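Colleague: build the 3D model from these lines:
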Amino acid sequence: MLAQFTSAIGPFSPYWRGRLGALGVRASSVDSVAALRRLPAVAERDVCPGGDPAGAAALVLQVDEAGWALHTSGPELRRGLGARLRGRDSAAAYRRQVEAATRPTTYQFGGVGMVLPIASTRGDLDLTARAGARLWSVLGLGAADVLVSAVPVEQRLAHVALSYAALGAGAPGLFPGDDPLAVAETLRMVPATVLAVPADGAGSAGSAGNAVADLLEVADVPESVATVLLVGGPTDSDRADVAGLLPGRRVLGVWGPPDGRVLYGESRAREGYVTYPDLEVLDVVDPDTGAAVRRGEGGELVLTQLGFRGSALVRWRTGTLLEAPIGTGPAPDGRTVPRLPSDLVPDGLVPLVELRGRLRPVDLRAVSGALAARTDLVAFRVDLEPDRARGAGEQAERLVVRVAVLAGRDSRAAVDGAAAAVRSAAGVRPDRVLAEPGLLS
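Modeller: Okay, here's the model as predicted:
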């Protein structure tokens, strides 16, 4: 699967065709996990310079009729060639099959430092549904379970993949959205056994608890609800709050990278998110440099999707921070597939902070990368400091960059250059850039 998919990237993804060409790498040579890991990891702003989401179109595989045969599956190819050889309209029939297999039909919104459109083909949605059926099994659920979701109804991974999970498992799923009154009304309509609530692991602590508390303000949660899914990377506070509000229920985490197509789940609370090694290759890199980390270390989660024909995400930096390594040994439930630590920090490298009176994401990877590339600096430090002068609340902060300038270079020019580099790379202006010769001491 890896060799087949990577051999399609070079010819059919405009971004990766240029990227691999610049690296002097033939896509067909990326035929093993070791070869894949030699490719530099990329982030949103590598694909979308200046934060322009239009750049995401270059990730999409753009396949013509001749090229389709190079990366499609054997059964699909046989069907297509059969259509090509039959009847007077054979060429048009073949073209329709190629378009049906490769044309994006759905977009969802991902991104952590910006809004990034992610394209999926009809076949991609089939993969999402099949992975969803496996998620259902990991969670200990079956076709008889009835899901009511209080996750916001929007074209983002949490809602899209959860709805396809229920579909893939053949389980009834109802999606009234995050309005407590609508959720309460839905719970009165059906014998729900599963309740899904949003858990913003990168936001304020206890967000899942707040969602459940708001629901309990208008209605009781039926005793038939035996499982509560915290969707979005729950914190310990989320878990504790929900367990306290709904005692006796199983409380499990569900999470996936915001640019991904699938969700991972826990088979047991806090024992790790079970992944799908046939659909993805997961890796960890140093969040500051993008370089590989040593075995057993945490870092930034990097994603390569296999078999998806819409947006090609290869060595994709997710912005998610793992404080422990990816688990590879036997799990307590007997599974041997890779598992992500349950205490991962979604958007941990792109925090949402209040700067100059407005909430905005700050991509600390882009900030560090821009400063590390400066040849007039020998050291730097980036701080988010409380902005006490503005009095805008406890979350108001300032982005302060401290730099040590290379001997012999103009300090004022280096400071101005550092400020411009950060603004260009991360889309945010530092509040202050300070030259501090003692930074190295």
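
Colleague: would you map the helices across the stretch 51-200 of the chain?
Modeller: For the stretch 51-200 of the chain, applying DSSP state H, counting those that start in this stretch gives helices covering 65-71, 74-85, 90-102, 122-138, 157-169, 180-189.

Colleague: element containing Asp214, please.
Modeller: helix 207-218 (DSSP states H and E).

Colleague: buried residues in that helix, which are they?
Modeller: 207-212, 214-215 (16 or more other Cβ atoms under 10 Å). For every residue, glycine as well, the C-beta is placed using N, CA and C.

Colleague: CSV for those, including distance to Val422?
Modeller: Formatted as CSV, the buried residues of helix 207-218 follow (distance: Cβ to Cβ, whole Å):
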residue, distance to Val422
Ser207, 30
Ala208, 34
Gly209, 36
Asn210, 34
Ala211, 36
Val212, 40
Asp214, 39
Leu215, 42
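
Colleague: save those residues as CSV, and put in pLDDT too.
Modeller: CSV is the format used below for these (pLDDT from 0 to 100):
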residue, pLDDT
Ser207, 85
Ala208, 93
Gly209, 93
Asn210, 93
Ala211, 94
Val212, 96
Asp214, 95
Leu215, 96
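
Colleague: contact partners for Val337?
Modeller: 274-277 (Cβ atoms under 8 Å, 6 or more residues apart in numbering).

Colleague: looks to me like it is in a strand.
Modeller: No: counting by DSSP: H, G, I helix; E, B strand; the rest coil, Val337 is not found in a strand; it is coil.

Colleague: can you pull the domain assignment for the protein?
Modeller: As recorded under automatic domain parsing, the domains making up the chain are 2-103, 116-279+334-340, 352-440.

Colleague: of all the ones you listed, which one is nearest Pro346?
Modeller: Of all those, domain 116-279+334-340 sits nearest to Pro346, with 3.9 Å by Cβ to Cβ.

Colleague: nearest residue to the one residue sitting closest to the centre of the chain other than its sequence neighbours?
Modeller: Centroid-nearest residue in the chain, with Cα atoms, centre = their mean: Pro257, separated by 2.2 Å. Spatially, and ignoring its direct neighbours in sequence, Pro257 is nearest to Thr318 (4.2 Å; Cβ to Cβ, 6 or more residues apart in numbering).

Colleague: quick check: pLDDT value at the one you found.
Modeller: Looking at Thr318, its pLDDT is 95.

Colleague: for the stretch 101-250 of the chain, which spans come out with low pLDDT?
Modeller: 201-206 (pLDDT under 70).

Colleague: thought Asp431 was touching Val400?
Modeller: Yes: with contact defined as Cβ atoms under 8 Å, Asp431 counts as touching Val400 (6.1 Å).

Colleague: distance to Glu300 added to the domains of the chain, as a markdown table?
Modeller: Shown next, in a markdown table, are these (distance: least, Cβ to Cβ, whole Å):
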| stretch | distance to Glu300 |
| --- | --- |
| domain 2-103 | 8 |
| domain 116-279+334-340 | 11 |
| domain 352-440 | 7 |
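
Colleague: buried deepest among these, which one?
Modeller: The highest average neighbour count among these, using mean count of other Cβ atoms under 10 Å, belongs to domain 116-279+334-340 at a mean of 20.

Colleague: and Ser28, helix, strand or coil?
Modeller: helix.

Colleague: now do it against Gly10, distance only.
Modeller: 7 Å (Cβ to Cβ, to the nearest Å).

Colleague: need the contact list for the residue nearest to the centre of the chain.
Modeller: 110, 157, 301, 303, 316, 318, 320.

Colleague: can you lay out those residues as CSV showing distance to Arg423 and secondary structure?
Modeller: Below are these laid out as CSV (distance: Cβ to Cβ, whole Å; DSSP: H, G, I helix; E, B strand; the rest coil):
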residue, distance to Arg423, secondary structure
Gly110, 23, strand
Leu157, 29, helix
Leu301, 27, strand
Leu303, 28, strand
Trp316, 24, strand
Thr318, 24, strand
Thr320, 25, strand
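
Colleague: which among the residues you listed count as buried?
Modeller: 110, 157, 301, 303, 316, 318, 320.

Colleague: quickly name whichever of those is closest to Asp236.
Modeller: For the buried ones among the contacts of Pro257, the nearest to Asp236 is Thr320 (16.9 Å; Cβ to Cβ).
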